[in-house]
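[1] Sequence and predicted structure, then a few things I'm wondering about:
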Amino acid sequence: MSSFGGITAVVTGGAQGIGRAIADRFAADGANVIVGDLRNPGDLGARQRWVELDVTSEDSAGALATEVGGSLGVLVNNAGIMFEASIAAQTVEQWDMAMAVNLRGPWLMTKALLPALRADGGGAVVNVGSIEGIGANPLHTAYSASKGGVHGLTAAMAVDLGPLGIRCNAVAPGWIDTALNRTYLDRLPNRDQALAELAVLHPVGHIGDPADVASTVAFLAGPDARFVSGQVVVVDGARTTKLSLPPSLAPEA
Ligand SMILES: NC(=O)c1ccc[n+]([C@@H]2O[C@H](COP(=O)([O-])OP(=O)(O)OC[C@H]3O[C@@H](n4cnc5c(N)ncnc54)[C@H](O)[C@@H]3O)[C@@H](O)[C@H]2O)c1
């Protein structure tokens, strides 16, 4: 039997992008996957079903918990939003929405699903943070603050929920080749140059795939990580490990 055979896994924001790859990975590994998303993805594979979910809503989180029923093996808090705005231009509503989806969402979903996660001796939670919870790109005050919060929340959840048999970890993805990022690059007049420059930023020589994040999530949620809790695992091809040097000090390639 594969590593997640017979368990139920919930993946929030699983209709597309990284969440979709995570849902596909758990289904391929034998889990029954509930894709909780605002949007119906329409074309889910075997052992996956969509349940309408708004992670900002207590009622919606409660309704999803009812769908899950008695026991939940894995919760992946992946749903997230991002926008770019200076502090001067940003509205309070934008800030609050980023926090409601990215930070309160994982907390609210964990709270709603706690009884199911406790059943059968305990489950695992994996939150999707970001390298922007460690550093920041320009115009991302709300996004970076929310993702830093997700990393702190992960530590606090691991401490509080460990005694209940629930492990909590996070992944912090770097630049991942999602439809959103591809559309962004496609809009640039110098797309190929931007891609080449992105590759240089990464010591491994390329950006990441959603499946790279999914495999790390699967490890953290699975039995091989039974003694791993409270960690934030960076999945960025060593981009944030590489210290920047001024061009005049950089060694020849
Ligand atoms: N793409 C990257 O390079 C990257 C890098 C680091 C971290 N991340 C994080 O990974 C996660 C997924 O990113 P992505 O690029 O796949 O995003 P995406 O925009 O492609 O997908 C996000 C999904 O979340 C859903 N969603 C949004 N708000 C929701 C809500 N209130 N309730 C339920 N579902 C909601 C959307 O409908 C969508 O299906 C996010 O948390 C993001 O911050 C992404």
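    Perfect, I can see it now.
[2] contacting residues for the residue nearest to Trp175 when sequence neighbours are not counted?
    Excluding the flanking residues, the one nearest Trp175 by C-beta to C-beta, 6 or more residues apart in numbering is Ile207, at 4.5 Å. For every residue, glycine as well, the C-beta is placed using N, CA and C. Ile207 makes contacts with Gly174, Trp175, Ile176, Asp177, Asn181, Leu198, Ala199, Gly237, as judged by C-beta atoms under 8 Å, 6 or more residues apart in numbering.
[3] can those go into CSV with extra columns for distance to the ligand and neighbour count?
    Converted to CSV, the contacts of Ile207 look like this (distance: C-beta to the nearest ligand atom, whole Å; neighbours: other C-beta atoms under 10 Å):
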residue, distance to the ligand, neighbour count
Gly174, 6, 20
Trp175, 5, 17
Ile176, 4, 20
Asp177, 8, 18
Asn181, 5, 14
Leu198, 11, 16
Ala199, 15, 14
Gly237, 12, 20
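[4] ok, Val74 touching Ile7?
    Yes - using C-beta atoms under 8 Å, Val74 makes contact with Ile7 at a distance of 6.6 Å.
[5] wait, Asn32 sits on Gly5?
    No - using C-beta under 8 Å, Asn32 is not in contact with Gly5, being 9.7 Å away.
[6] May I ask which helix or strand of this protein has the lowest mean pLDDT?
    Ranked by mean pLDDT, DSSP states H and E, the weakest helix or strand in the chain is helix 179-186, scoring a mean of 90.
[7] and that one, what does it pack onto?
    When contacts are defined as 3 or more C-beta pairs under 8 Å, 6 or more residues apart in numbering; DSSP states H and E, helix 179-186 packs onto helix 191-201.
[8] buried residues in the helix it packs on?
    Using 16 or more other C-beta atoms under 10 Å as the test for burial, helix 191-201 gives Leu198, Leu201.
[9] quick check: angle from it to helix 179-186?
    Here the directions of helix 191-201 and helix 179-186 differ by 120 degrees (axes from the mean of the first three to the mean of the last three C-alpha atoms, to 10 degrees).
[10] tell me the average confidence for the helix or strand just after helix 191-201?
    Downstream of helix 191-201, the first helix or strand assigned by DSSP states H and E is helix 210-221. The average of the pLDDT scores along helix 210-221 is 98.
[11] right, and the helix or strand after helix 210-221?
    Per DSSP H and E, the first helix or strand lying C-terminal to helix 210-221 is strand 232-235.
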